[in-house]
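> Just to be clear, the model below is a prediction. Sequence and coordinates:
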Amino acid sequence: QVHVVESGGGTAQAGSSLRLSCEVSGTIERIGTMGWYRQPPGNQRDLVAVAAGETTTYADSVMGRFTLSRDNSKNTVLLQMTNLKPEDTAVYYCYVQSLIMAERRTHSYDYWGQGTQVTVSS
């Protein structure tokens with residue numbers, strides 16, 4: 001069983017900063033992709049920033065404002081959000097891809113946190 005626990009978030013003024021943290025625990029053999037998605041009210045869940053190996057991918061809307069950092073030794077990922085805008089308001093979800101070698105091939109399993117609310121007021 002894999003547990004994904006998020007912390008951080010809350011309410012912030014436009015132009016300020018917040019940090020989200022995600023820690024993964026449980027039966028983990030190897031983590032592939034890890035990062036954050038968000039779901040604004042009435043909209044679908046979209047990628048914010050994810051890291052896979054040495055590559056980090058950001059949504060265009062957060063490029064230059066958000067920074068993703070991953071610590072593989074601790075199975076944690078942080079999302080530092082700066083210069084927040086009202087359109088960043090959403091529920092933010094931590095995403096983890098668990099990789100397990102079995103029967104001579106790699107099996108991939110997706111896990112999500114419960115979500116943490118970020119509200120940015122103008």
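Great, that's in hand. In this text, all values refer to a predicted model and were calculated from it rather than measured experimentally.
> Next up, identify which helix or strand the most centrally placed residue in the chain is on.
Centroid-nearest residue in the chain: Trp36, 2.0 Å away (criterion: Cα atoms, centre = their mean). Assigned by DSSP states H and E, Trp36 belongs to strand 30-39.
> Please enumerate residues in contact with that strand?
20, 22, 24, 45-52, 56-57, 68, 70, 72, 75, 77, 79, 88, 90-101, 108, 115, 118 (Cβ atoms under 8 Å, 6 or more residues apart in numbering). (C-beta placed from N, C-alpha, C; glycine too.)
> Could I get the buried residue list for that strand?
Across strand 30-39, burial judged by 16 or more other Cβ atoms under 10 Å covers 31-38.
> Output the below-cut-off pLDDT ranges for the chain.
Residues of the chain meeting the criterion pLDDT under 70: none.
> For the residue nearest to the centre of the chain, which non-adjacent residue is closest in space?
Excluding the flanking residues, the one nearest Trp36 by Cβ to Cβ, 6 or more residues apart in numbering is Val48, at 4.4 Å.
> Could you do Val50 as well?
Using Cβ to Cβ, 6+ apart, the nearest residue to Val50 is Gly35, at 3.0 Å.
> can you give me the strands in the chain?
Remark: strands assigned in the chain by DSSP state E are 2-8, 10-13, 18-26, 30-39, 46-52, 55-58, 66-71, 76-81, 90-102, 105-112, 116-121.
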